[in-house]
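Participant: Next comes the sequence, and after it the predicted model I'd like to discuss.
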Amino acid sequence: MADHHVYVIECADGTLYTGYTTDVERRVAEHDAGEGAKYTRGRTPVTLRHVESFDSKSAAMSREYAVKSLSRAEKERLIGGDEGDGGADEV
């Protein structure tokens, strides 16, 4: 079962944030409440743009690093493949 997730949210200022979590719904709610990462505080509301799920934490963390290393344009292409369900970032 895929319990580890890499997600991309779009902040209110149009920037993209990529993170890792075991509970996407809870984590997005934390970001929206200003209780998530320091980067997203003050950039609410946020919109979930992309999610990828993995069976292991190490696989998810490796993918998070890879996504964070992408350029903005590459992240836009990644989230553009979703039907309004995914995202990317500068962090």
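Facilitator: Thanks, I have the structure now.

Participant: helices or strands next to the lowest-mean-pLDDT helix or strand in the chain in the packing?
Facilitator: None of the helices or strands of the chain scores lower by mean pLDDT, DSSP states H and E than helix 72-80, at a mean of 94. Counting contacts by 3 or more CB pairs under 8 Å, 6 or more residues apart in numbering; DSSP states H and E, helix 72-80 packs against strand 4-10, strand 16-21, strand 47-54. The C-beta positions use only the backbone N, C-alpha and C, and glycine is treated the same way.

Participant: contacts for the host helix or strand of residue 31?
Facilitator: Assigned by DSSP states H and E, residue 31 belongs to helix 24-32. If you take CB atoms under 8 Å, 6 or more residues apart in numbering as the criterion, helix 24-32 is touched by 5, 7, 9, 17, 19, 21, 36-37, 40, 44-46, 48, 51.

Participant: Now do the buried residues in it.
Facilitator: For helix 24-32, a neighbour-count test (16 or more other CB atoms under 10 Å) marks 24, 27, 28, 30, 31, 32 as buried.

Participant: Mind exporting the C-alpha coordinates of it to CSV?
Facilitator: Below are the C-alpha coordinates for helix 24-32, written out as CSV (Å, rounded to 0.1, in the frame of the first residue of the first chain):
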residue,chain,number,x,y,z
VAL,A,24,-1.8,14.6,2.0
GLU,A,25,-5.2,15.9,3.1
ARG,A,26,-3.9,16.7,6.6
ARG,A,27,-0.7,18.3,5.3
VAL,A,28,-2.5,20.5,2.8
ALA,A,29,-4.9,21.6,5.6
GLU,A,30,-1.9,22.5,7.7
HIS,A,31,-0.4,24.6,4.9
ASP,A,32,-3.7,26.3,4.4
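
Participant: returning to that earlier point: which one of the contacts of helix 24-32 is nearest residue 74?
Facilitator: For these, the minimum distance to residue 74 (CB to CB) is 15.3 Å, reached by residue 17.
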